[in-house]
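# Need the 3D shape of this:
(4 chains)
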Number of protein chains: 2
Amino acid sequence: MSADNLRPNQPVTIYDVAAAAGVSYSTVSRVLNGFEFVKESTRVKVMDAAERLGYVANLQARGLAGGRSNIIGLLVPVLDNSYVSEVMMGIDEALARAGFNLMLFTTHRHAGKEQQYASTIASMTDGLILLVPLESPIYLNAIRERNYPHVLVDQTDESGASASVSGTNWHGAYEATQHLIMLGHRRIGVITGLLELSSARERLNGYRAALQDYAIPIDESLIVEGDYLQPRGYEAAQELLKLRERPSAIFAMNDLSALGAMDAIRESGLSIPEDISLVGFDDIPQAAITHPKLTTVRQPLVQMGRIAVRLLLEQLDHPGSPPGHETLATQLVIRASSQPPR
Amino acid sequence: MSADNLRPNQPVTIYDVAAAAGVSYSTVSRVLNGFEFVKESTRVKVMDAAERLGYVANLQARGLAGGRSNIIGLLVPVLDNSYVSEVMMGIDEALARAGFNLMLFTTHRHAGKEQQYASTIASMTDGLILLVPLESPIYLNAIRERNYPHVLVDQTDESGASASVSGTNWHGAYEATQHLIMLGHRRIGVITGLLELSSARERLNGYRAALQDYAIPIDESLIVEGDYLQPRGYEAAQELLKLRERPSAIFAMNDLSALGAMDAIRESGLSIPEDISLVGFDDIPQAAITHPKLTTVRQPLVQMGRIAVRLLLEQLDHPGSPPGHETLATQLVIRASSQPPR
DNA sequence: AGGCGTTTTGCAAGCGCTTGCAAAATGTGC
DNA sequence: GCACATTTTGCAAGCGCTTGCAAAACGCCT
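This is a model prediction of the structure:
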C-alpha cells in the first residue's frame, strides 16, 4: 500500500509532514501528541499528510526532546525460564496494546555496574518493570533515587515505595500443603526458594501454618532451601530422600524445582505418585507435560505481566499518585503427581 | 552556560565531563568513542573525569546524533516458546559481551503495519535480528529497502541479500529418518512445519531422501503438514493414528509438535516407544523432561543466537562487506522415545 | 465597527550527542 | 630559528522532536 511519493531512504520527519499539510512543525507535533487546542480541520489535514507520507515517529528524538519515548524496560535475570517467559508474554501483550515498545535487559554480566546500568536504562525508557528477585535491591536504590517509574513483579516491597504485583504466596502454599495433608500425608518435605526472597518466605510460612493448623509437628529437617532453579531442586530432593525417615510427599515451591525433584525421585528408583507425591508452584507450561502431570499452584503469570504494565502506565499518567499494589489469587491445580500415601 | 540546569534525573553529560577534565565537549565525545587522534594524556584525563562523575552515555542522544545507539533489535513471533527463548539467550549473551542492548519486538498485533513497525525499529536500533519465520518477507522488504543491517535466524535466504544462520535441516531430518529406518521402521509418519518455511521444506526433503536411499516407497498420506506448534502437533498425530495402516513411528519436525503428538498418542491408548516411536527436532529443554525422554535432532540454538549477533556486528563494523551465512551442524540425540517396532 | 477574551498557530530554544571543518599545538627538517 | 607537515583540539551545526511564549485568528459582545 505504500504509495508513489518519495525517498525510500530518508525517513519522513515532522517537517515533511508540516510542509505537506501547510502548517508549522510544532502544529504537527501537537496533533501527533493529541494536544487539545488544535482545530479539528487542521488536525485532519495533518493526519492525512502523515498517513500519506508514511510518517513514523523517531522515538529517540522524541525521548531526547523530553517527551515520552514510549519504551519501557524489562529487567529479567534469565531468559531460559518459563516463569519469566510467561510473565513477559503478558507484559508484551499489554504493552503492544498501549502502543509501547519493550526493551529487554538482563542482569547477569553486569555485576558491580548496576548503578550505571540503571542509568542507562533510565535514559532510554519511560519506566521499568523488574522481574529480578535477587539483585533487585541494588537496582531499586539506583532507581528510587531518581524517582523513576517502576513496578516489581512477584516481590513484596516492604517500604511500599514501589508498585508491585504478586500472587497470594502464603495462601497458595497453605493450600498446597493442606491438599497433601488431606490426602493423608504427614511427613511433607519442602524445597523452598532462596529465603532472601519474600515470595519464598511467604510460601514457607504458608506451609508452616498449614501444618500447625492440622497439628502436625514441624520437622525442620524436612525443610531444604533451594533457589527456584531445576538443578538445585534435584539436589534438594536427593537430600530429602536420604533422610532416615523419608517424606511421603514433597512440596517444591516452584515448578522448576519440582522438575528437578522429579528427576531425583525417579532416579532413586521411586515412583511418583505411588511412593512419593510431588506438588509444585507456578503452573508453568511444562507442569502439564511431565509424566505424571504435576499437581501445582497456579499463578496467573501472564496476567501478572499485564497488570504490571497497567500499574506502570498508571504511574506514567499520574506522576503524583502513590504506587499501586496488586495481589492475584493463586489456584491449586490437582493433577496426577499427588495421591494418598501407601 | 551549562552548570545550573539541573534536573534530578541525569545531571552528568559530556559537558560536565568536559568541564571537569578541562577540555571541550567534542574531545570528550572523541575519547568516549575511541577516536584515534587524541593525545594519550587527555584521554586519561577525560576517562578519569567520566569515571569520577559517574558519567553514563545517553543512548538516545547518541543515536539521534547519528552515532551508534548500541541497541540492536530482535524481532520474534512469540515468547512462550523454548525455541525462541534458547536463541534469545545466545543473542543476549553475545550482545552483553559486545556492550550492546537489546530491544525486543514481537510481530503479533502488528498485522498490516509491518512497514511502519520496521521503520520504528530502524529508527531505534543499529541492526535487527529476525527470528520470524512467517511474516519475515514483509519485514524484509521494508528492511532491505533501507539497506538496514540484519540477520535471519533459521531461514534460508534465497536472494543471498540477508545474512543468516541456520542448522543443517536437510541432514538432520535425513539422520532422524535414517535412525528410524535402521531400527526397522518402514511406515514413518511425519509432521512437518508450515511448508512456506524453508526449514520445513528442507527437513521434508531430508526425510524423503532417506526413504529413497533405503528404497522405501513414499506414502504421501504419511506426510501431514503442521505449523511447528504444539496444538497442531496434537491434531496432526491424531490424523496419522487414524490411518488404516498406522505408522509405527512418527517424526515430528520440531519438538513442540512432538510434544503435542506425544499427548495424542498417549491419549489414544498407545504407548511410546512400544507402540509408536517418536522423534523430534531442536532439542529444546523440554525434550529431556518428557516421559519417555524424546529422541530428537539437536540444533545448537544458543549458539545460533551467538552467531547471529556475530554476523550482525560484522555488518555494522564493515558496512560494505557481503552478508555472512553460517550453517551449523545438527546432531541426532537418541533417547527413550524410539525403539524397534514390535 | 471596535474591543476583549479565547482559541490556534508559529517561532525559537533546547534535549545530549556526533562530526566536518578550521584553528591551535606540536613536531620536523633545514 | 623558520617554514611547513602533522597531530590535537574546539566550534558550530545539526539529528528529529517537544514546549514555553507570544503573535495571529477567531468569536462574540456592545
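# For chain A, what lies in contact range of DNA strand C?
A:23-27, A:30, A:36-39, A:41-42, A:61, A:64-66 (C-beta under 7 Å from any atom of the strand). (C-beta placed from N, C-alpha, C; glycine too.)
# if we go to 6 Å?
A:Val23, A:Ser24, A:Ser26, A:Thr27, A:Phe37, A:Val38, A:Lys39, A:Thr42, A:Leu64, A:Ala65, A:Gly66 (C-beta under 6 Å from any atom of the strand).
# got these as CSV, with distance to DNA strand D, secondary structure and neighbour count columns?
As requested, the residues of chain A next to DNA strand C are arranged in CSV below (distance: C-beta to the nearest atom of the strand, whole Å; DSSP: H, G, I helix; E, B strand; the rest coil; neighbours: other C-beta atoms under 10 Å in any protein chain shown):
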residue, distance to DNA strand D, secondary structure, neighbour count
A:Val23, 12, coil, 20
A:Ser24, 8, coil, 13
A:Ser26, 3, helix, 11
A:Thr27, 8, helix, 21
A:Phe37, 9, coil, 5
A:Val38, 11, coil, 17
A:Lys39, 8, coil, 11
A:Thr42, 11, helix, 16
A:Leu64, 4, helix, 19
A:Ala65, 3, coil, 11
A:Gly66, 5, coil, 8
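# Mind picking the two most distant members of those?
A:Lys39 and A:Leu64 (28.6 Å; C-beta to C-beta).
# who touches A:Ile289 in this structure?
By C-beta atoms under 8 Å, 6 or more residues apart in numbering or on different chains, the contact set of A:Ile289 is B:Leu259, B:Met262, B:Asp263, B:Gln286, B:Ile289, B:Thr290.
# what's the distance between the fourth one and chain A?
As for B:Gln286, its distance to chain A is 6 Å (criterion: C-beta to the nearest C-beta, to the nearest Å).
# OK, contacts around that residue?
Contacts here follow C-beta under 8 Å, 6+ apart; on that basis B:Gln286 touches A:Gln286, A:Ile289, B:Ser82, B:Asp255, B:Leu259.
# For whichever residue of chain A sits closest to chain B, which three-state class applies?
Here chain A gets closest to chain B at one residue, A:His291, 3.3 Å apart by C-beta to the nearest C-beta. Secondary structure, DSSP: H, G, I helix; E, B strand; the rest coil: A:His291 is coil.
# Tell me where the stretch 151-300 of chain A has helices.
A:169-183, A:198-213, A:230-242, A:255-267 (DSSP state H, counting those that start in this stretch).
# Domain ranges for chain A, per the record?
Domain ranges of chain A: A:14-57, A:71-167+A:301-328, A:169-300, per automatic domain parsing.
# close to chain B, is the second one?
This means domain A:71-167+A:301-328. Yes - interface with chain B: domain A:71-167+A:301-328 contributes A:71, A:74, A:78-82, A:85-86, A:88-89, A:92-93, A:96-97, A:101-106, A:108-110, A:115-116, A:119-120, A:122-124, A:146-147 (C-beta under 8 Å from any C-beta of the partner chain).
# And the residues you listed, which of them are buried?
Using 16 or more other C-beta atoms under 10 Å in any protein chain shown as the burial test, the residues of domain A:71-167+A:301-328 next to chain B include A:71, A:74, A:78-82, A:85-86, A:88-89, A:92-93, A:96, A:101-106, A:110, A:115, A:119-120, A:122-124 as buried.
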